[in-house]
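Enquirer: I would like to see how this sequence folds:
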Amino acid sequence: MQRRALLQLGLVAASAPTLALAAGKAILANAHGAVGDGKTLNTKAIQAAIDEAAKTGATIAFKPGVYRTGSIFLKSGVTLRLDKGVTLLGSTNLADYPELPTRVAGVELTWPAALINVYRQKNVRIVGDGTVDGDGKVFWDSYWALRRKYDPKGLRWAADYDCKRPRLIQIFDSQEIELAGLRLRRAGFWTVHVCYSHDIHIADLEIRNNEGGRGPSTDGVDIDSSHDVLVERVDVACNDDALCIKAGRDADGLRVARPTRDIIIRDCVIRDASAGITFGSETSGGFHDIKVSGLKVHHPTPVGILFKSAHTRGGAISNIDISDMQLQDVPTVFRVNLNWNPSYSYAEIPAGMTDAPPYWRVMTQPVPRALGLCRLSDVRVSKIRSVGAKTAFEVAAFAEAPLERFAFEDLDLDVQAAGKIADAKDWRFTRCRIDTLDGKKPEVVESSGVVGL
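Expert: Numbers count the residues shown, from 1 in each chain. The predicted structure follows:
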């Protein structure tokens, strides 16, 4: 059976056999001049080792140490192996991350490369027990400094694009990629970004982006307009979305029109994030055929399951299956917000400003309302256990785009309040226990065909 079919079935081999295969003879980056003293900039030496390995499809490895580096670019057939005791430490100089065409937060533009890049390649592995540390605080500080300037000007929406910060690992327009076993730390921006790619296996990662501060926008794993992706056994603490499905923003995302599909996410732990599993807010290309199971979500994560979009995003979300989740002291179990964070979601260039960069013009292209409303349908949620929650449901959409055919089965929710469901159509609840302090069921308004509560 082909790897793609295995991914769709969730039966692709776990990372351990791949790690064993990658543990043979390797090209040492040290032989090309890499120095693991935590100070020497090793970008050229590491890239030289990669270029040599690419000639024969070899593995690159390191002697124990801390290797400071800027962007490195892996090539087809190469394995990057970081053994225990090896750390790749990101440069804090933005000049060490060359700019290249990519997509950032749903918009195609030229932006700094990641620390580790798999850019238009095939059959690449990044494996081991070592660490990739973005040393991102300098980039976090630059972001907050820009926000202090931008927010009073009504430019909150532009900050994430204008403040250029390197992602930790970028997999872009690539296929047959494995990322497994590593400890990922202090990303300057998103930690793992999978974009325009397919046949991807991500497993057994430990992501920690709240050491030495709370890194803004430090998502854990973002799957963006990609397909046939398996994510399993990832342990996340970050300051934004832990595990997130994306597919483009507004006019630019509608132009690209590439969905995210055939995704499996399973057996992950979310210790600190903005939600356990997130769909959006970049929904323009749409999502379908996504299975999420076996997540354990802990406080202080505020939401268990989150769908978010805006009335300029558009896109269709369908055939989503979420099951076997455990939530401990997570305030809100299930949230749908299709008018999410207006100061970020709706771009508008201030009157009189004439020197706006070209991508601002792209981001402010108007989207007709008929195209801008995100459509959600055929969502199945089952076997959810929640203890210590405040609210079960916080759900709202738009009257002209109701949330259609949601099915909830075998929910066991210990919550203070049942919450509110609006703009729902043909929702079914089966064997659901929602235990509230006041004994009331969720308030259902401006909806039709909601049965079983």
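
Enquirer: for residue 99, list each beta-bridge partner.
Expert: Beta bridges link residue 99 to residue 112, judged by DSSP bridges.

Enquirer: where does the protein have its least confident helix or strand?
Expert: Of all the helices and strands that make up the chain, helix 15-21 has the lowest average by mean pLDDT, DSSP states H and E, namely a mean of 40.

Enquirer: contacting residues around residue 217?
Expert: With contact taken as C-beta atoms under 8 Å, 6 or more residues apart in numbering, residue 217 is in contact with 143, 160, 165, 189, 190, 239, 240. Glycine gets a C-beta too; all of them are placed from N, C-alpha and C.

Enquirer: again with residue 182
Expert: Here residue 182 is in contact with 82, 126, 127, 128, 129, 130, 131, 132, 205, 206 (C-beta under 8 Å, 6+ apart).

Enquirer: buried ones in the helix or strand hosting residue 89, by neighbour count?
Expert: Per DSSP states H and E, residue 89 falls inside strand 86-90. Using 16 or more other C-beta atoms under 10 Å as the test for burial, strand 86-90 gives 86, 87, 88, 89, 90.

Enquirer: show me what the fourth one is bridged to.
Expert: In this case it means residue 89. With DSSP bridges as the rule, residue 89 is bridged to residue 68, residue 133.

Enquirer: thinking it is in contact with residue 62, fair?
Expert: No: between residue 89 and residue 62 there is no contact under C-beta atoms under 8 Å: 11.8 Å.

Enquirer: report the backbone C-alpha coordinates of the longest strand seen in the chain in CSV.
Expert: As assigned by DSSP state E, the longest strand anywhere in the chain is strand 375-396. The C-alpha coordinates for strand 375-396 follow below in CSV (Å, rounded to 0.1, in the frame of the first residue of the first chain):
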residue,chain,number,x,y,z
ARG,A,375,-19.7,27.5,5.7
LEU,A,376,-19.6,24.8,8.3
SER,A,377,-21.3,21.5,7.9
ASP,A,378,-21.1,17.8,8.8
VAL,A,379,-19.1,17.9,12.0
ARG,A,380,-19.1,14.9,14.3
VAL,A,381,-18.1,15.2,17.9
SER,A,382,-18.0,12.2,20.2
LYS,A,383,-16.6,10.8,23.4
ILE,A,384,-15.6,14.1,24.9
ARG,A,385,-14.9,14.1,28.7
SER,A,386,-14.6,17.5,30.4
VAL,A,387,-14.0,18.2,34.1
GLY,A,388,-13.9,21.6,35.7
ALA,A,389,-15.2,23.6,32.7
LYS,A,390,-17.1,26.9,33.0
THR,A,391,-19.1,26.7,29.8
ALA,A,392,-20.1,23.8,27.5
PHE,A,393,-21.0,25.8,24.3
GLU,A,394,-20.2,29.2,22.9
VAL,A,395,-21.5,29.0,19.4
ALA,A,396,-22.6,31.6,16.9
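
Enquirer: partner strands of it, with direction?
Expert: By DSSP bridges, strand 375-396 pairs with strand 316-328 (parallel), strand 332-337 (parallel), strand 403-422 (parallel).

Enquirer: assign a three-state SS to residue 429, would you?
Expert: Of the three states, residue 429 takes strand under DSSP: H, G, I helix; E, B strand; the rest coil.

Enquirer: from residue 303, how far out is it?
Expert: Distance from residue 429 to residue 303, counting by C-beta to C-beta, to the nearest Å: 20 Å.

Enquirer: of the two, who's got more company?
Expert: Ranked by neighbour count (other C-beta atoms under 10 Å), residue 429 and residue 303 place residue 303 first, with 25 against 18.

Enquirer: near the closest residue to the more buried one other than its chain neighbours, how many other residues are there?
Expert: Among residues not flanking residue 303 along the chain, residue 275 sits closest, at 4.2 Å (C-beta to C-beta, 6 or more residues apart in numbering). By other C-beta under 10 Å, the residues close to residue 275 number 24.

Enquirer: circling back to that earlier point, so which elements touch the strand holding residue 89?
Expert: Packed against strand 86-90, as judged by 3 or more C-beta pairs under 8 Å, 6 or more residues apart in numbering; DSSP states H and E, are the following elements: strand 65-69, strand 131-133.

Enquirer: ok, the residue nearest to residue 303 to residue 281 distance?
Expert: Separation of residue 275 from residue 281 (C-beta to C-beta): 11 Å.

Enquirer: so where's the stretch 201-350 of the chain shaky on pLDDT?
Expert: Applying pLDDT under 70 to the stretch 201-350 of the chain picks out no residues at all.

Enquirer: which stretches of it form helices?
Expert: Under the criterion DSSP state H, counting those that start in this stretch, helices of the stretch 201-350 of the chain are mapped to 250-256, 342-345.
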